[in-house]
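Asker: Turn this into a model:
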Amino acid sequence: MQLCSSLPPDLVDSLTGKLVGKHKNIYTFTKHLAESLVYEARFDYPVCIVRPPIVGPAHREPFPGWVDNFNGMCGYITGMSTGIIRCGYTNRQRTIDVVPVDHLVNLILAAAMEVSSKNVKLQNDV
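Answerer: Okay, here's the model as predicted:
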């Protein structure tokens with residue numbers, strides 16, 4: 001991070017491919033960087049990483065269907081359901097995993113409480 005911030009932007013752009021390496025894009029690379037920092041801190045702090053799929057509208061809280069934006073999946077669903085978007089490319093063999101935002105918030109709070117209340121060992125639950 002310090003290296004990137006100290007170099008001229010055009011040089012960083014030319015080095016991006018080498019820095020990103022095996023990752024598909026900058027997003028997955030920076031996600032990996034963040035998780036690496038959390039992994040390094042695992043002995044100093046109780047840590048937990050939650051990797052949600054696509055976050056969708058609320059199931060129950062604060063009320064069914066609640067969203068605060070129309071980015072990503074919510075915008076696509078709204079566009080399809082209102083007829084603004086009339087067609088879309090899809091692969092019927094694939095599944096789109098979506099979790100309601102209120103379920104995700106409850107999971108994050110429960111995970112934080114679990115990690116902070118015990119000496120939890122390294123796990124990789126899906």
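
Asker: any idea how far Leu11 is from Tyr27?
Answerer: For Leu11, the distance to Tyr27 equals 21 Å [Cβ to Cβ, to the nearest Å]. (C-beta placed from N, C-alpha, C; glycine too.)

Asker: so Thr90, which of the three states?
Answerer: Of the three states, Thr90 takes coil under DSSP: H, G, I helix; E, B strand; the rest coil.

Asker: What of Ala58?
Answerer: Classified using three-state DSSP, Ala58 is coil.

Asker: For it, give me its contacts.
Answerer: Ala58 makes contact with Pro64, Gly65, Trp66, Val67, Pro100, Val101, Asp102 under the criterion Cβ atoms under 8 Å, 6 or more residues apart in numbering.

Asker: Show me what counts as buried in the strand or helix carrying Val55.
Answerer: Secondary structure assignment for Val55, by DSSP states H and E: strand 54-56. Using 16 or more other Cβ atoms under 10 Å as the burial criterion, the residues of strand 54-56 that qualify are Val55, Gly56.

Asker: List of residues touching it?
Answerer: Val67, Gly72, Met73, Cys74, Ile77, Ile96, Asp97, Val98, Val99, Pro100, Val101, Leu104.

Asker: Ramachandran angles for the fifth one?
Answerer: By that I understand Ile77. Its backbone dihedrals place Ile77 at phi -60, psi -40, with angles given as degrees, to the nearest 10.

Asker: so what's it scoring on pLDDT?
Answerer: Taken from the predicted model, the pLDDT recorded for Ile77 is 84.

Asker: returning to that earlier point: kindly indicate which of the contacts of strand 54-56 lies nearest Gln2.
Answerer: Looking at those and their distance to Gln2, the nearest is Gly72, at 32.0 Å (Cβ to Cβ).
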